[in-house]
Every structure is written in structure tokens, then in C-alpha cells.
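Engineer: With the input below, show me the fold.
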Amino acid sequence: AKKILNVDHGIELVSYAQTLVGPIVGAGPAQAVVFEIDEEIQGAAVGRALATLTDQHTVPNIFIGGKHVGGCAELQKLHATGELRAMLRSAGMSPIAKGERIPSCTVRHVTIDADAKAHIEVVDVGSLLAGRRVVVVGMPAAFSPTCSDKHLPGFINAADRFARKGVEAILVLTVNDHFAVRSWAKGAGGGGAVSFLA
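Structural biologist: The predicted structure follows:
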């Protein structure tokens, strides 16, 4: 039986039984989409279909221009060889250069309040950054030793210095889902000096 799953931005995943027959397709210009399988009603079926289609059983499962490119390690290899930039351009997407605006896409914004309580909000990253002076830092993974012991504490400790230079927020972006990021953020402390994007 044909099942159509509605996803943010009007994108459809078309699934026949356990096999995904169509790539993620968007109407209009190229866009980046994060499909959170664990938050969808039929997410388990879509996960099995993706595993059948890609032979990849872990996340992230990355597609560019309708072509499966693998996970994080494969994406890093494409970046190192220079192939990623060409793939993104051919799919109608261009990497962001210094001074350019961050494109609109939906992310999870994880914040920690003064009482060490975590809050997760679905936001448009373009709206979150609009009109603000913000530092966005990419980190490879929550809970990785170098990120947890050196990178993240460095930004937490430097938050006051950034603020004196007019920076309104420090946002840490990782490839992890917001559940892992929430736990990482709570464990990192810092009293809300940084917030996170997942």
C-alpha cells in the first residue's frame, strides 16, 4: 500500500511497504531538510526503508541532489577532496561564504536556563540569527572527548569576552539529534553562556 508522509516544508517521502522509492523532493528552489525519523508517526518504517535503500543502518543518512552520499564520515571525505562543494552546487545549493546570510532551515534550538533546565524549541535558523551578531560554531559531536574537554569549555569561558565585543549569542551546531545535545548541554554547565543547534 502506498503511504505518503507529510514532512515540514511540504516535502513528501513516498514509501511502498518497506522500500523507499523516491528521494526527498522539494517544490521550488533547492533546500536543506532535516527529517527526524524518531518524531514521525511512521518513522520506524521510514528508517527500515532507508536502510533497505541505502544499506546504511546509522544516522545521519545524507542525500544531496537525490543521491545518497552516506553518513558523516563520507561527507567529511567529500569535503576533504573538494567534491562536496561541486555536489552542492549541482544540486542548486552553495556553501555559505563569509558575509553571506545563513539560509532558512528548521533546527532544534537547545537552551539551558539559570536553573539548569533544558528547553528545546523548533526554530527557523534564519529567523533566529536575523539582525543579531552571533557566533555559530560547528563541533563534530556531542560527548566527543575533544569537544567536551576543550572546544565547548573554551567558548563557555570566552562568552563574556565575546559579549564585550557585541556578540549577542554563541550557538554550537552539531550533527547529533536534540536529545543527545540536550544531555550534553546540561552536563556542560556554563549557565546558558552558549546555546545549541541540533
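Engineer: Residue 77: which element?
Structural biologist: helix 72-81 (DSSP states H and E).
Engineer: Remind me what that helix packs against, helices and strands.
Structural biologist: Helix 72-81 sits against strand 62-64, helix 83-90, with contacts defined as 3 or more Cβ pairs under 8 Å, 6 or more residues apart in numbering; DSSP states H and E. Placement of C-beta: from N, CA and C, glycine included.
Engineer: Most tightly packed of the ones you listed?
Structural biologist: Comparing the helices and strands packed on helix 72-81 by mean neighbour count (mean count of other Cβ atoms under 10 Å), strand 62-64 ranks first with a mean of 18.
Engineer: so how far is it off the chain centroid?
Structural biologist: Distance of strand 62-64 from the chain centroid (Cα atoms, centre = their mean, to the nearest Å) equals 13 Å.
Engineer: do stretch 87-99 as well
Structural biologist: Taking Cα atoms, centre = their mean, one finds stretch 87-99 lying 16 Å from the centre of the chain it belongs to.
Engineer: so how far does it reach from one end to the other?
Structural biologist: End-to-end distance of stretch 87-99: 22 Å, with Cα to Cα, to the nearest Å as the criterion.
Engineer: cool, and stretch 96-116?
Structural biologist: Where stretch 96-116 begins and where it ends lie 33 Å apart, using Cα to Cα.
Engineer: Could you list the buried residues of it?
Structural biologist: Judged by neighbour count using 16 or more other Cβ atoms under 10 Å, the buried positions of stretch 96-116 are 107-112.
Engineer: can I get those residues in JSON lines with distance to residue 83 and pLDDT?
Structural biologist: Converted to JSON lines, these look like this (distance: Cβ to Cβ, whole Å; pLDDT from 0 to 100):
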{"residue": "107", "distance to residue 83": "25", "pLDDT": "88"}
{"residue": "108", "distance to residue 83": "29", "pLDDT": "91"}
{"residue": "109", "distance to residue 83": "31", "pLDDT": "93"}
{"residue": "110", "distance to residue 83": "31", "pLDDT": "93"}
{"residue": "111", "distance to residue 83": "36", "pLDDT": "92"}
{"residue": "112", "distance to residue 83": "38", "pLDDT": "88"}
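Engineer: between the helices and strands packed on helix 72-81, which one is nearest to residue 141?
Structural biologist: Among the helices and strands packed on helix 72-81, the nearest to residue 141 by Cβ to Cβ is strand 62-64 (15.2 Å).
Engineer: and the helices and strands packed on helix 72-81, which one is worst for confidence?
Structural biologist: Lowest mean pLDDT within the helices and strands packed on helix 72-81: strand 62-64, a mean of 80.
Engineer: what lines up beside the next helix or strand after that strand in the sheet?
Structural biologist: Per DSSP H and E, the first helix or strand lying C-terminal to strand 62-64 is strand 67-70. Counting by DSSP bridges, the strands paired with strand 67-70 are strand 62-64 (antiparallel).
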